[in-house]
Each structure stands twice: as structure tokens, then as C-alpha cells.
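S.K.: Next comes the sequence, and after it the predicted model I'd like to discuss.
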2 protein chains.
Amino acid sequence: MPGLWGNCALIEYHPLGPLVRRWSAFADLSPDDCSALLNLPHMRKTYPKEGYLVREGQEAVDCALLLSGYAFRQKILRDGRRQIISIHIPTEFVDLQNSVIGVADHSVQSLNHCEAAIIPRRALIELHEKRPAIRMAMWIETLIDAAIFREWVVNVGRRTSKARVAHLLCELATRLEKIGGGQDGEFEFPLTQEQLADATGMTPVHTNRTLQALRKAGLIQLTGRSLKILDWPGLREVGDFDEMYLHHAVSAK
Amino acid sequence: MPGLWGNCALIEYHPLGPLVRRWSAFADLSPDDCSALLNLPHMRKTYPKEGYLVREGQEAVDCALLLSGYAFRQKILRDGRRQIISIHIPTEFVDLQNSVIGVADHSVQSLNHCEAAIIPRRALIELHEKRPAIRMAMWIETLIDAAIFREWVVNVGRRTSKARVAHLLCELATRLEKIGGGQDGEFEFPLTQEQLADATGMTPVHTNRTLQALRKAGLIQLTGRSLKILDWPGLREVGDFDEMYLHHAVSAK
DNA sequence: AAAAATCGCTAACAATTGTTAGAGAATCTC
DNA sequence: GAGATTCTCTAACAATTGTTAGCGATTTTT
């Protein structure tokens, strides 16, 4: 739909275009808001696999918006074990939170080779202060992040191993679908089984067993680094998945 | 320190006084901001044990600030099991998040008999729009909530049963200490073992076993509805507790 | 293209955690 | 204060999940 974003004619080709599109769904951005977003100073940066987008203990001076590739948020225990807390996909800010709280209490790393737009923290704070609609979009973005964290507490706390894995796959696929990732229900899935284990609070061996079970049940196809959901209703059922918490329909308009 | 909050002379006796005190630590509230907070329209409401402060699926028309007693946030699975996602203590908002997203994706219930100030959603949104310092305080409050959710993902996902329980006790005691709850390291602790189990992702039986172990190790005293931490360094150690994530020193001043 | 490293997978066994059931203690209600 | 209810605690047993180790397969590096 050309023209939908007023004078933001270049939105299709602008690296921050996806952000504008995403936030337009949350709040009623004026043409001015749109250009303010598109004019945000930023630097493109690429990260190798496992590169740090945010490092625990580090002060946040800028903020990363994922343009391509996936990233994950993690905390490390004193004994070296880790828990992955969320997975991030393109068009998402990876650390809006830290830009305010200041020093990061956890790390964010790239999952595969990825690219991000690095935006100075000050520029974002300025938009937050001066532009109510953008502020609202940031607020909603943050609240949705929190809703996802809550659902993850439930996932690792109370679901069976099969349900945990199924739920994670449902969530990721649903979010990817929203941004138009993948085709014919087939998505890039760069998590190793070890990472999937750290995200679901299980061991790699048990994660493998669980994946086998989901495959045997004809629910998924997971080969190489790509995932295809063969039986959506079945996977939803097994994973106790109800996408309400993703608040995909939320808007402050 | 009388006079610290400018013309908010009645802060000591005002039901919203604790909120002003709490948020003063987050942002530089002007005397005007303080009185705007104290003048928020509100209704005091008491809840019996297990009363609903927020009900899943319900649209948020107002917002509860806990004045006394504890509350907990929970989600129920389709098979009836539940996960408790956080515990709330006096001076905390129980659902700032829902006031924006609109419809609640989970419930909040009182843990014991408790009292709350019910504030119309509109009044809060107005303050959010017009008062930058208050807006900042709300933002920080929300981000700290999210940081706690993240830590809970780690807790139920990757810690051993002893560590899970120890961590939860450390967190609660630390937060209570901050607001001056309890005396001589002894706190009101109204969670049943079943609720503690639902908060740590374990069964009630195993929760009991775990508590016995913590007692035998001389770390805690838990009788009736009161908790005393006998060995702080020990409990921290067992619970892998590092209070950084509570961001008790954060401020936007 | 060969070598090295990582990753997926399996098996046997061990440890942790869950299940079911019931008795005693504490608390609440009338 | 007696009765009812809820809560704590224990035990025996079952199920799930973790551990260790190793072999192919795949991918990456040189």
C-alpha cells in the first residue's frame, strides 16, 4: 500500500522501515513521527554467530534493532549453566529496557550471523520525551516483551518437556509469521539442540528425545537449520499454546 | 526527614504516601508531581484471602496499588495446573501493565487479607502523559517488574530445587526489607507450601522436602506464617542470589 | 579436499522429582 | 471449645529427567 505512511515514501527501502511498520500497528504515528523514526541516527553493524549485542554489566550507550538474523537473551548462573530467556527476530529492539535502566543485568547474543541498526540511546530518549505516539509504541513494545517473559516462566515452570518445546516452536513461528519470515510454513531455525535445551530448562539429551517424539507424532519437521510445522492444531494442543499473550492485536489508536 | 517532599506535608498519613516515597527514589519528583500523585482519585478496597485483584480476560478500567498484605500473579494451564509468576508486596502497583495493554492475560490474587488503593486507569494515563517525572517512574517500575520476570525464568528453568526456594526467599526478603517490612530479619510469609510449589515449578511434596533441607542446614526458620532468615550468606550462596536484577539503586535523577 | 570441530543421536544407568495416600498439626468457623 | 477444614509432613513407589560416554553425520576451517 504505497502512500500509507504519508511522506515516508522511502519506507520500503529504508533500513528502519520495518520498525515504522511494526510500531504503526501499536500507535497512531503521524507522518512527522514516521520521519522522526526514519531519521534516527544509526549505524549498521553485523555480528558473527554468538556475537554480543548486549553484555551483562555493560552500560547501555546505544540500542540495537535487529535487521536480519536472530538473537537470544540469556543469563549465566554462578556454576556456569545458563538459561535463555527469550529469542528475538528481525524488526525487534533487543534492549529498549537497558537504555533506561542503564546497566544491563543480562546479555544478548546473536544466534546466527546477523545485522542490526545501532541507535544512540540519547536519540531514543529524545523521541520518547517529545513524541507521545512513539512513546506509546515503546511502552507497548516493552509490555509485550514482559508478557512473553511471563509466559516463559509458565513454560519452564509448569509444562511437560514435550509441551515446552512445542510451545517455544509455536511462539517463534507465530511471531515470525507476523513479520513475514519464512514461506509455506517453513522457517529458518538456527537454534542448536543445546540452545533449545537452555531455552526450555532441559538437558540437550532430553531435548533430543523430545524432538524425536514431536517428529514421530508428525507434528514438525526439523532438519538442518529449518523448521516446518506439519500439524498446527496438533502442535498447539501439545504445547498448550494460546497466542493471546503475544498481544498481536493490541493498539493504542 | 520532614519537609523532604516539599508541600506534601501529609505524606506520612496519606494512603498514597508510600507510593510517592517509592517513586521519589526512581525519578526527581517535583512538589507538584508529589501532590498530583497524592491527589489521584482512588478508592480503598479490601480483599479476602484469594480475592481477585485482576482477572484474566477482564478489561482494565482501574489499577490496584497494594497498601497492605501480599498478592500473587498467576497463569492457569488448560489442564488446571498453575504457575505463580511473581509476588507483590505493599507499595507496589499490581497491574500498571494491563492499564495500557487493556485486557489482562493473567490474574492477580491476594495472598492473605489485603488492602489496595484502586485508581482509575484514566487518571494514571493522564499523569503519564502530562508529567515526565512520573512517567519516568512508571517506566522504571515496569522495567524492574520485567527484570524480575526474567530472573524467575532463570529460577524455574535452571536452578536446583533447593536453589529455587532459597532464591525466592532471598528475593522476597530483600524486597520487604526495602519497604521496611518485618523486624529483626523476621517477615510475614503467608505462602502455603502449595503456593510456594506453584511459584517454583515443583510439587508440594518436593517443596516440603526442600524446605526441610533448608531448615536442617540452619538457613531459615519457617513456622506458621512467618519467615526468619538465620544465615543470609548461606541462603544467598545456596540460592545463587545476586540482587543486581532488582535494580534497587536505579534512578533517573 | 582433508582435517578439525561442532552437532545430532543413542544407550545404559543414576538422580531427581512426581504420585498417591494418609496421619497428625494447625487454623478457622460456628 | 468442638467440629470442620486446611495445611504440613512422611513414606513407598513410579515416572521423568539428568549424566556420562561414544559414534556418526554435518559443517566449518585450513
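M.R.: Done, it's in.
S.K.: give me the element the residue of the stretch 1-150 of chain A found nearest chain B is part of.
M.R.: Across the stretch 1-150 of chain A, the shortest distance to chain B (CB to the nearest CB) belongs to residue A:149, at 3.8 Å. Backbone N, C-alpha and C define where each C-beta goes, glycine included. Take DSSP states H and E as the rule and residue A:149 turns out to sit in helix A:132-158.
S.K.: and that helix, anywhere near DNA strand C?
M.R.: No: Helix A:132-158 stays clear of DNA strand C (CB under 7 Å from any atom of the strand), getting no nearer than 8.7 Å.
S.K.: quick revisit: thought residue B:150 was touching the residue of the stretch 1-150 of chain A closest to chain B, still the case?
M.R.: Yes: at 5.6 Å, residue A:149 and residue B:150 qualify as touching, with contact defined as CB atoms under 8 Å.
S.K.: shared neighbours of those two, anything?
M.R.: Residues touching both residue A:149 and residue B:150 comprise residue A:85, with contact defined as CB atoms under 8 Å, 6 or more residues apart in numbering or on different chains.
S.K.: Could you name the helices and strands sitting against the host helix or strand of residue A:124?
M.R.: Applying DSSP H and E as the criterion places residue A:124 in helix A:121-130. On a contact count with 3 or more CB pairs under 8 Å, 6 or more residues apart in numbering or on different chains; DSSP states H and E, helix A:121-130 meets strand A:62-68, helix A:96-101, helix A:132-158.
S.K.: weakest of the ones you listed by average pLDDT?
M.R.: Across those, the stretch with the lowest average pLDDT is helix A:96-101; it has a mean of 73.
S.K.: Mind checking what helix or strand follows that helix in sequence?
M.R.: strand A:107-110.
S.K.: Is any residue of that next one near chain B?
M.R.: No: Strand A:107-110 is not in contact with chain B by CB under 8 Å from any CB of the partner chain; minimum separation 11.5 Å.
S.K.: returning to what we had before: show me what counts as buried in the next helix or strand along the chain from the helix holding residue A:149.
M.R.: Next along the chain after helix A:132-158, taking DSSP H and E as the criterion, comes helix A:161-178. For helix A:161-178, a neighbour-count test (16 or more other CB atoms under 10 Å in any protein chain shown) marks A:161-176 as buried.
S.K.: Tabulate the CA atom coordinates of stretch A:114-132 in CSV.
M.R.: Extracted C-alpha coordinates of stretch A:114-132, given in CSV (Å, rounded to 0.1, in the frame of the first residue of the first chain):
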residue,chain,number,x,y,z
CYS,A,114,23.0,-11.1,11.9
GLU,A,115,22.7,-7.5,11.3
ALA,A,116,21.5,-4.7,13.5
ALA,A,117,20.9,-0.9,13.4
ILE,A,118,22.7,0.6,16.3
ILE,A,119,20.9,3.7,17.6
PRO,A,120,22.3,6.1,20.2
ARG,A,121,20.4,5.9,23.5
ARG,A,122,20.1,9.7,23.6
ALA,A,123,18.3,9.9,20.3
LEU,A,124,15.7,7.3,21.5
ILE,A,125,15.2,9.0,24.8
GLU,A,126,14.6,12.3,23.0
LEU,A,127,11.9,10.7,20.8
HIS,A,128,10.4,9.2,23.9
GLU,A,129,10.2,12.6,25.6
LYS,A,130,8.9,14.6,22.6
ARG,A,131,6.7,12.2,20.7
PRO,A,132,3.7,10.8,22.5
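S.K.: Spatially nearest residue to residue A:95, not counting backbone neighbours?
M.R.: residue A:54 (4.9 Å; CB to CB, 6 or more residues apart in numbering or on different chains).
S.K.: how much space between that neighbour and DNA strand C?
M.R.: 21 Å (CB to the nearest atom of the strand, to the nearest Å).
S.K.: what do you get for residue A:142?
M.R.: 31 Å.
S.K.: Can you verify my assumption that residue A:241 contacts residue A:172?
M.R.: No: using CB under 8 Å, residue A:241 is not in contact with residue A:172; the gap is 10.9 Å.
S.K.: any idea whether residue A:222 is helix, strand or coil?
M.R.: Secondary structure state of residue A:222, per DSSP: H, G, I helix; E, B strand; the rest coil, is strand.
S.K.: Quick check: bridge partners of the spatially most central residue of chain A?
M.R.: Note on chain A: the residue nearest the mean C-alpha position is residue A:88, at 2.4 Å, using CA atoms, centre = their mean. According to DSSP bridges, the residues that bridge with residue A:88 are residue A:71.
S.K.: you'd agree it is up against residue A:68?
M.R.: No: using CB under 8 Å as the test, residue A:88 is too far from residue A:68 to be in contact (11.7 Å).
S.K.: quick one: the residue nearest to residue A:95 and residue A:96 touch, right?
M.R.: No: between residue A:54 and residue A:96 there is no contact under CB under 8 Å: 11.0 Å.
S.K.: need the helix or strand of chain A with the lowest average pLDDT.
M.R.: Least confident helix or strand, chain A: helix A:96-101 with a mean of 73, by mean pLDDT, DSSP states H and E.
S.K.: With adjacent residues omitted, what lies nearest to residue A:103?
M.R.: residue A:59 (5.2 Å).
S.K.: which residues sit in contact with residue A:121?
M.R.: A:60, A:61, A:62, A:63, A:99.
S.K.: which of these tops the neighbour count?
M.R.: Of all these, residue A:63 has the most neighbours under the rule other CB atoms under 10 Å in any protein chain shown, reaching 25 neighbours.
S.K.: ok so, going back, which among the buried residues of helix A:161-178 gets closest to chain B?
M.R.: residue A:163 (8.6 Å).
S.K.: which residues sit in contact with that closest one?
M.R.: Here residue A:163 is in contact with A:155, A:238, A:239, A:240 (CB under 8 Å, 6+ apart).
S.K.: Identify the farthest-apart pair in these.
M.R.: The most widely separated members of the contacts of residue A:163, counting by CB to CB, are A:155 and A:238 (12.7 Å).
S.K.: Near DNA strand D, which residues of chain A are found?
M.R.: Counting by CB under 7 Å from any atom of the strand, chain A sits next to DNA strand D at A:160, A:161, A:201, A:202, A:203, A:205, A:206, A:224, A:225.
S.K.: who wins for most neighbours among the residues you listed?
M.R.: residue A:201 (23 neighbours).
S.K.: Excluding sequence neighbours, find me the nearest residue to it.
M.R.: Residue nearest to residue A:201 in three dimensions, not counting chain neighbours: residue B:157, with 3.3 Å by CB to CB, 6+ apart.
S.K.: Test my guess that that neighbour contacts residue A:159.
M.R.: No: in this structure, residue B:157 is not within contact of residue A:159 by CB under 8 Å, at 11.4 Å.
S.K.: contacting residues around the residue of the stretch 1-150 of chain A closest to chain B?
M.R.: Residue A:149 touches A:85, A:86, B:146, B:149, B:150, B:153, counting by CB under 8 Å, 6+ apart.
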